[in-house]
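> Here you go, sequence then predicted model.
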Amino acid sequence: MSISQQAFLRDAMRRLNLTRDVFATRIGVKRRALDTWLLPEGSQEFRAMPEVVERFVSEIVQNSALLEKYTQSAQAGPLRERIAVNGKHQLLSVDQFTRESVEDLFRVADLMQPVARRQKVSRVLEGAVLGNLFFEASTRTRVSFGSAFCRLGGSVCDTTGFTFSSMAKGESIYDTSRVMSGYVDAMVIRHPDKGSVAEFAQATNIPVVNGGDGPGEHPSQALLDLYTILTEFSRLGKLLDGAHIAMVGDLKYGRTVHSLIKLLALYKGIKFTLISPPGLEMPDYIIEQASRNDNVIEQKSSLAEGLAGADVIYATRVQKERFANEESEGYTPEFQISRATIDTHCGPDTIVMHPLPRDSRPGANDLSVDLNDDPRLAIFRQTDNGIPIRMAIFAVLLGVEGLVQHSMRDVTWKHPSHIGPDDSIFHGLD
């Protein structure tokens, strides 16, 4: 590069007419990383920009079509209107997002981090009530949504289990949704039947979030997964474009991978390696959608064939509760992701993820617990990211994202500096 790194980046931001925050989001890095690249080269905190970032920024600036797309997206209107479904502010599918809108949501999630990390509090949703309607068993997702809403000052009403609802008495989805809409200001719904959450959404004008509809989708999980990948890549100096993503396990019924692969397909040049037991392959219609943007998809039947060179390994639990009689009974031992597997086939920068819960019982052959103290395991950083992402979803759908930053105040209680006592320690990760 014939000019200084600082001059190169400043010129790019000026030509794109973007602030540092928006520019960092556009190129898929954290603001703190960009700040170190923008320092004078003689500064003690100066860091060299990765070559892959330089190539990506050069491509954006030199391509007039990309330049127009990236410049206009910053002035494209409120995010809640850009992701609306038939004029309603609801989150039902990742298909509502473009690459620009999903990265705008992540920018809102970044603003939520001080609250999510218990450093600040905000009351922008004070007086609002969330209805958590979970007609299928859940602990982690239900509590995560509830916690996110409460951290913005709202309150939560929970209901769990189909047998404890009026629907067990024959009440229709329409009636349940319309009645609940008179009680609460937003709803999160998990239901065992694909498409059922969309039925709930049709009967109301309040925000509805899909918390998982059977083997269909789980959009908030996919958003936090993508946010985690981008955060990890920022730490490692990688870009998502051109990455190698391996998905392992039950790809037929695993709704998390259905949503995630569609979001990842918004990026370009990604190599997807899909590894599953016979009978649990990714559905064809999802593979077709994921093939856009010059992405490459390979299907394998063993870990040894598919994990080499993977930047991310996304393991999934076998969804036995959704099996028909003809389906496989689950993993065999050779499908288990363990420390030995990762050491054999992957490098030190591979990121290992799992949507949880993982089945840790002997013989389950799910993601091994022997990775718990391995820095490549990102599952707990992944779940922690669920709070800022779901806070961002609520803030956007309820139109208060612009109020959060100015509403923050310091917390008054004492909290631990690290949540998990056994979590791995990461250099440079706060």
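That came through, no problem.
> neighbours around D95, how many?
13 (other C-beta atoms under 10 Å). (Each C-beta comes from the backbone N, C-alpha and C, glycine too.)
> any idea how far D359 is from it?
Distance of D95 to D359, given as C-beta to C-beta, to the nearest Å: 30 Å.
> And for D193?
Separation of D193 from D359 (C-beta to C-beta): 24 Å.
> Might you list the low-confidence residue ranges for the stretch 201-350 of the chain?
For the stretch 201-350 of the chain, the stretches flagged by pLDDT under 70 are 319-332.
> Recalculate using a threshold of 90.
214-216, 231-239, 249-250, 252-255, 268, 276-280, 289, 291-294, 300-306, 317-336 (pLDDT under 90).
> Mind jotting down where the helices sit in the stretch 51-200 of the chain?
With helices called from DSSP state H, counting those that start in this stretch, the stretch 51-200 of the chain shows them at 51-62, 64-73, 79-82, 99-116, 140-151, 173-181, 196-202.
> between these, which gets nearest to A395?
Closest to A395 of those, according to C-beta to C-beta: helix 99-116, at 6.2 Å.
> buried residues in the closest one?
Neighbour-count burial for helix 99-116 flags 99-112, 114-116 (criterion: 16 or more other C-beta atoms under 10 Å).
> next one: stretch 272-289
Across stretch 272-289, burial judged by 16+ other C-beta under 10 Å covers 272-277, 280-282, 286-287.
> can you dump the C-alpha coordinates of that stretch into PDB?
Taking Å, rounded to 0.1, in the frame of the first residue of the first chain, the C-alpha atoms of stretch 272-289 are listed here in PDB:
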ATOM      1  CA  PHE A 272     -20.300 -24.900   3.400                       C
ATOM      2  CA  THR A 273     -19.500 -28.500   4.400                       C
ATOM      3  CA  LEU A 274     -22.600 -30.300   5.600                       C
ATOM      4  CA  ILE A 275     -21.900 -33.500   7.600                       C
ATOM      5  CA  SER A 276     -24.800 -35.600   8.800                       C
ATOM      6  CA  PRO A 277     -25.800 -39.200   9.500                       C
ATOM      7  CA  PRO A 278     -27.800 -40.900   6.700                       C
ATOM      8  CA  GLY A 279     -31.400 -39.700   6.600                       C
ATOM      9  CA  LEU A 280     -30.600 -36.400   8.400                       C
ATOM     10  CA  GLU A 281     -29.300 -34.300   5.500                       C
ATOM     11  CA  MET A 282     -30.100 -30.600   5.000                       C
ATOM     12  CA  PRO A 283     -33.400 -30.100   3.100                       C
ATOM     13  CA  ASP A 284     -32.900 -29.400  -0.700                       C
ATOM     14  CA  TYR A 285     -34.800 -26.100  -0.600                       C
ATOM     15  CA  ILE A 286     -32.400 -24.700   2.000                       C
ATOM     16  CA  ILE A 287     -29.400 -25.900   0.100                       C
ATOM     17  CA  GLU A 288     -30.700 -24.200  -3.000                       C
ATOM     18  CA  GLN A 289     -31.100 -20.900  -1.200                       C
END
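> what about A304, how many neighbours?
Applying other C-beta under 10 Å, we find 12 residues neighbouring A304.
> Okay, and it sits in which element?
For A304, the host element (DSSP states H and E) is helix 303-306.
> buried ones in that helix?
Going by neighbour count (16+ other C-beta under 10 Å), the buried part of helix 303-306 is 303, 306.
> likewise stretch 364-379?
364-368, 371, 375-379.
> what does stretch 261-268 give?
For stretch 261-268, by 16+ other C-beta under 10 Å, it's 261-267.
> Now do stretch 222-229: everything it contacts.
With C-beta atoms under 8 Å, 6 or more residues apart in numbering as the test, stretch 222-229 has contacts from 94, 102, 105-106, 109, 240, 256, 259-260, 262-264, 312, 314, 351, 353, 355, 378, 381-382, 385-386, 388-390, 393.
> Sitting in strands, which of these do you find?
Counted as lying in strands by DSSP state E, out of the contacts of stretch 222-229, are 312, 314, 351, 353.
> biggest separation within those residues, which pair?
Farthest pair in those, by C-beta to C-beta: Y314 and I351, 8.9 Å.
> If you drop the residues flanking it in sequence, what lies closest to N132?
Counting by C-beta to C-beta, 6 or more residues apart in numbering, N132 lies nearest to D158, which is 4.6 Å off, once chain neighbours are set aside.
> Who are the contact partners of that neighbour?
The contact partners of D158, taken as C-beta under 8 Å, 6+ apart, are 132, 134, 142, 146.
> Same check on H218?
Contact partners of H218, counting by C-beta under 8 Å, 6+ apart, are 210-212, 255-256, 258-259, 355.
> now the residues you listed as TSV including distance to V52?
Shown next, in TSV, are the contacts of H218 (distance: C-beta to C-beta, whole Å):
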residue	distance to V52
N210	34
G211	36
G212	35
R255	32
T256	28
H258	29
S259	27
P355	28
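> So which residues of the stretch 201-350 of the chain form strands?
Under the criterion DSSP state E, counting those that start in this stretch, strands of the stretch 201-350 of the chain are mapped to 208-213, 244-248, 271-275, 296-300, 312-315.
> Dump those strands into a markdown table; add distance to L18 as well.
As requested, these are exported to a markdown table (distance: least, C-beta to C-beta, whole Å):
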| stretch | distance to L18 |
| --- | --- |
| strand 208-213 | 29 |
| strand 244-248 | 27 |
| strand 271-275 | 29 |
| strand 296-300 | 30 |
| strand 312-315 | 27 |
